[in-house]
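[1] here is the input, now give the coordinates:
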Amino acid sequence: AANPGANYRLPTEAEWEYAARAGTAGDYGGNGVLNDMGWYNTNSGSVTHAVAQKRANAWGLYDMHGNVFEWVQDWYSSSYYGASPASDPTGPATGTQRVLRGGSFNYSSDQARSAYRWAAVLGDRVGYYGFRLARTP
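    Below you'll find the model as predicted:
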């Protein structure tokens, strides 16, 4: 019998950024206006918010910018992407920290950019870390 949860996982860092950008090239996906797209230190009231209170990006994804940093499956390396494969990089094979993306309600607009990378020790539990799942068909 098939395991219904077997195809769910954290996205790679590259998948996360591709989804956040949703075909855009600017700092923020969607319409490019962070106040319309996500919660960060200037507009959040210093608290997390329920999903989908801001605009979705072009692919229907909410809260890619701000609200909570999102864990991805990649180990962190400051130099990996300078030498990574151009198509579907999966991150370094090992490391001491994992990557988080997207910014959070208590960080600035700079940390909510599509390209911003954050790193933390796997297992860190703080009120501004979360995750979103990807599904492999």
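
[2] for the strand ranked longest in the chain, packing partners?
    Determined from DSSP state E, the single longest strand within the chain is strand 69-75. Helices and strands touching strand 69-75, by 3 or more CB pairs under 8 Å, 6 or more residues apart in numbering; DSSP states H and E, are helix 13-21, strand 98-101, strand 129-131. Using the backbone N, CA and C atoms, a C-beta is placed for each residue, glycine as well.

[3] would you put the C-alpha positions of the first one in CSV?
    Spelled out, it's helix 13-21. Taking C-alpha atoms only, helix 13-21 is exported to CSV below (Å, rounded to 0.1, in the frame of the first residue of the first chain):
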residue,chain,number,x,y,z
GLU,A,13,16.3,26.5,-1.6
ALA,A,14,16.2,26.9,-5.4
GLU,A,15,12.6,25.6,-5.5
TRP,A,16,11.7,28.0,-2.7
GLU,A,17,13.1,31.0,-4.5
TYR,A,18,11.6,30.0,-7.8
ALA,A,19,8.2,29.8,-6.2
ALA,A,20,8.6,33.1,-4.3
ARG,A,21,9.6,34.9,-7.5
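
[4] contacting residues around the most centrally placed residue in the chain?
    Centroid check for the chain by CA atoms, centre = their mean gives residue 101 as the closest residue, at 3.5 Å. By CB atoms under 8 Å, 6 or more residues apart in numbering, residue 101 lies in contact with 13, 16, 17, 20, 69, 70, 72, 116, 117, 118.
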